[in-house]
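Colleague: Just a sequence and a predicted model for now, questions to come.
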Amino acid sequence: MEAQFLVKVAPKPTFSMEEARRLFLKDLSPQFLDRLERKGWIRRIKRGRFAVIPLSSGEARTPQLHEFVIAMELVSPAAIAYWSALNHHGMTEQIPRTVFVATNRHVQLSTKEALGVSFKIISVRPKKFFGVIKDWI
């Protein structure tokens with residue numbers, strides 16, 4: 001059953017509990033996902049969001065996700081901002097240790113860590129959240 005589930009969710013690098021239920025079983029239990037996490041097949045990004053660990057990751061057992069993809073899973077709507085955006089567009093040679101994310105939502109914790117990456121989430125007023133472009137990573 002676990003292998004069948006992983007085959008269904010593997011095409012997408014991340015999934016939610018609702019997506020898993022829609023794709024696989026309507027009565028999928030949280031314990032099933034906990035068991036997959038303990039076995040090293042998936043990793044929790046945040047409550048209700050998971051990343052699939054591909055077989056190609058080998059012994060490392062880490063999801064092969066770009067940190068910007070992880071950032072978009074943490075909060076929505078969101079945009080990579082400040083130093084992280086400057087680095088992405090080649091405007092600075094310094095590589096930030098923290099990924100900066102802007103959102104127009106109020107967030108409880110402004111600093112989060114997910115899958116070994118540190119994120120700084122900055123809340124901005126809706127009128128200042130503009131000019132966002134989608135970029136393929």
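Modeller: Noted; the coordinates are in hand.
Colleague: CA atoms for contacts and neighbours, from now on please.
Modeller: Fine.
Colleague: Can you show me the helices along this structure?
Modeller: 2-9, 17-23, 30-38, 67-74, 82-88 (DSSP state H).
Colleague: can you list those helices in TSV and add mean neighbour count?
Modeller: Putting those into TSV (neighbours: other Cα atoms under 10 Å) gives the following:
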stretch	mean neighbour count
helix 2-9	13
helix 17-23	14
helix 30-38	13
helix 67-74	19
helix 82-88	16
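Colleague: Let me have these in TSV, extended by mean pLDDT.
Modeller: Compiled in TSV, the helices of the chain are given as follows (pLDDT from 0 to 100):
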stretch	mean pLDDT
helix 2-9	86
helix 17-23	89
helix 30-38	92
helix 67-74	93
helix 82-88	94
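Colleague: can you list the ones you listed in CSV and add distance to residue 108?
Modeller: Supplementary listing: the helices of the chain in CSV, determined by distance: least, Cα to Cα, whole Å:
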stretch, distance to residue 108
helix 2-9, 30
helix 17-23, 22
helix 30-38, 24
helix 67-74, 12
helix 82-88, 20
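Colleague: and of the ones you listed, who's closest to residue 133?
Modeller: For residue 133, the closest of those is helix 82-88, at 11.3 Å, according to Cα to Cα.
Colleague: residues contacting the nearest residue to residue 103 once chain neighbours are set aside?
Modeller: Counting by Cα to Cα, 6 or more residues apart in numbering, residue 103 lies nearest to residue 78, which is 4.6 Å off, once chain neighbours are set aside. Taking Cα atoms under 8 Å, 6 or more residues apart in numbering, we find residue 78 in contact with 71-72, 101-104.
Colleague: rewinding a little: quick one, which of the helices of the chain is nearest to residue 52?
Modeller: In this view, those are compared for proximity to residue 52 by Cα to Cα, and helix 2-9 is the closest at 7.6 Å.
Colleague: residues in contact with the closest one?
Modeller: The list of residues contacting helix 2-9 from outside it, by Cα under 8 Å, 6+ apart, reads 15, 20, 23-24, 36, 52.
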